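Asker: can you look at this prediction? I've put the sequence above it.
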Amino acid sequence: MAGKVKWVTDIEKSVLINNFEKRGWIQVAENEDWNFYWMSVQTIRNVFSVETGYRLSDDQIVNHFPNHYELTRKDLMVKNIKRYRKELEKEGSPLAEKDENGKYIYLDFVPVTFMLPADYNLFVEEFRKNPSSTWIMKPCGKAQGKGIFLINKLSQIKKWSRDSKTSSYKLGFCRFCTVKYTPSTSELDNMFVHLTNVAIQKHGDDYNHIHGGKWTVSNLRLYLESTRGKEVTNKLFDEIHWIIVQSLKAVAPVMNNDKHCFECYGYDIIIDDKLKPWLIEVNASPSLTSSTANDRILKYNLINDTLNIAVPNGEIPDCKWNKSPPKEVLGNYEVLYDEEMAQSDGPDRDLRSRPGQSTGVKGNRARDSGKPVLTTWK
């Protein structure tokens, strides 16, 4: 369609605005005609609420699905992944295979999780099996690390239940801690050990204002390759990609796939000492605030890549488009999963494409040429 894209955002971040201006797009007010709206999760609730009855036209797209919370609320994410596992078991899928201890071989990427108070009795039973263990308490519907704390005694849950009615927690996480982790119970309340939120870490004696306690993924990869070896590092990143694909497949049946919507999710993954990745949560609106120069460059490029795919060639959106990005755009990215090809190849295609087995077409970003290309589930 001819003309310039008219954009609106209620998230005033330079990495967004600079990307819009670079494309020559025109900023308009929310009450004017617009084509592209990068909005907060609060705004998307209003847009798709029954009360407002707002209807998006064919030349309008937004950056969230109506029920994105099926993946981005911690409790619903776990519920959907559990349901996904059970459905695969019922179908007899090899993806749902378990080992001799009853653990999933291919789908064991979410830590043991309970919803309180509904699962309290189950939680107590599991807690008493390993009474020396430490548990993370995370509110279901909060973001940016608010309300996170650790417990190692059942009595602490009762205290939390009382305190949570009268006060709010303001803790969070971002990248790395400035103090080395220790499982010692004497450090249980030391937030410099357990929470990586910049708002906390910046007050520590060892906080570095230049790198802000953050590494790029490429630096993390380089470090792991040099200390743990290339093979296990490749396996780690391949398993991270596997987690992303399988978590998205878990919510696909319940997600309202509105043609006006796309998503830029923020995956929160923790890596244990055996280099096994675990999915903690998925953020609907990952932070676009930049605390360092490298952080600003990374997030600018993230938004640039997102817009290249969501709005190919920077043209006015048309929801009647074929949503597959053009080949000249797709060729610059690594395709983790091709749904149509997977469906045509049968239910065990994913399994045949697990780490160490190659299948399908592999692609990598042009600017990352020369780096190892990971397994692609296609």
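Answerer: Looks like it came in fine.
Asker: how many residues are close by Gly204?
Answerer: 14 (other C-beta atoms under 10 Å). In this view, the C-beta of every residue, glycine as well, is placed from N, C-alpha and C.
Asker: would you mind measuring from the closest residue to Thr113 other than its chain neighbours to Asn283?
Answerer: Leaving aside its chain neighbours, Thr113 sits nearest to Val78 (4.8 Å; criterion: C-beta to C-beta, 6 or more residues apart in numbering). Per C-beta to C-beta, to the nearest Å, Val78 is found 15 Å from Asn283.
Asker: which one's more surrounded, those two?
Answerer: Val78 (20 against 16).
Asker: which SSE is the more buried one in?
Answerer: helix 74-91 (DSSP states H and E).
Asker: what comes up buried for that helix?
Answerer: By neighbour count with 16 or more other C-beta atoms under 10 Å, helix 74-91 contains the buried residues Lys74, Asp75, Leu76, Met77, Val78, Lys79, Asn80, Ile81, Tyr84, Arg85, Leu88.
Asker: tell me which of those is nearest to Thr185?
Answerer: Within the buried residues of helix 74-91, the smallest distance to Thr185 is 25.0 Å, found for Lys74 (C-beta to C-beta).
Asker: I'd assumed Lys138 was in contact with that closest one.
Answerer: Yes. With contact defined as C-beta atoms under 8 Å, Lys74 reaches Lys138; the gap is 5.8 Å.
Asker: for the residue lying closest to Ile244 once chain neighbours are set aside, what are its contacts?
Answerer: Closest residue to Ile244 apart from its sequence neighbours, by C-beta to C-beta, 6+ apart: Tyr267 at 6.1 Å. Taking C-beta atoms under 8 Å, 6 or more residues apart in numbering, we find Tyr267 in contact with Ile240, Ile243, Ile244, Leu279, Val282, Asn283.
Asker: which of the residues you listed has the most neighbours?
Answerer: Ranking the contacts of Tyr267 using other C-beta under 10 Å puts Val282 first, with 23 neighbours.
Asker: what angle do the helix or strand it falls within and helix 74-91 make?
Answerer: Using DSSP H and E, Val282 sits within strand 277-283. Going by axes from the mean of the first three to the mean of the last three C-alpha atoms, to 10 degrees, strand 277-283 is angled at 130 degrees with respect to helix 74-91.
Asker: note down every partner strand of strand 277-283 and its orientation.
Answerer: Strand 277-283 has its sheet partners listed here by DSSP bridges as strand 266-271 (antiparallel).
Asker: state the mean pLDDT of the partner strand.
Answerer: On average, the pLDDT along strand 266-271 is 88.
Asker: was I right to think Trp38 contacts Trp7?
Answerer: Yes. Applying C-beta under 8 Å as the test, Trp38 and Trp7 come out as touching, 7.4 Å apart.
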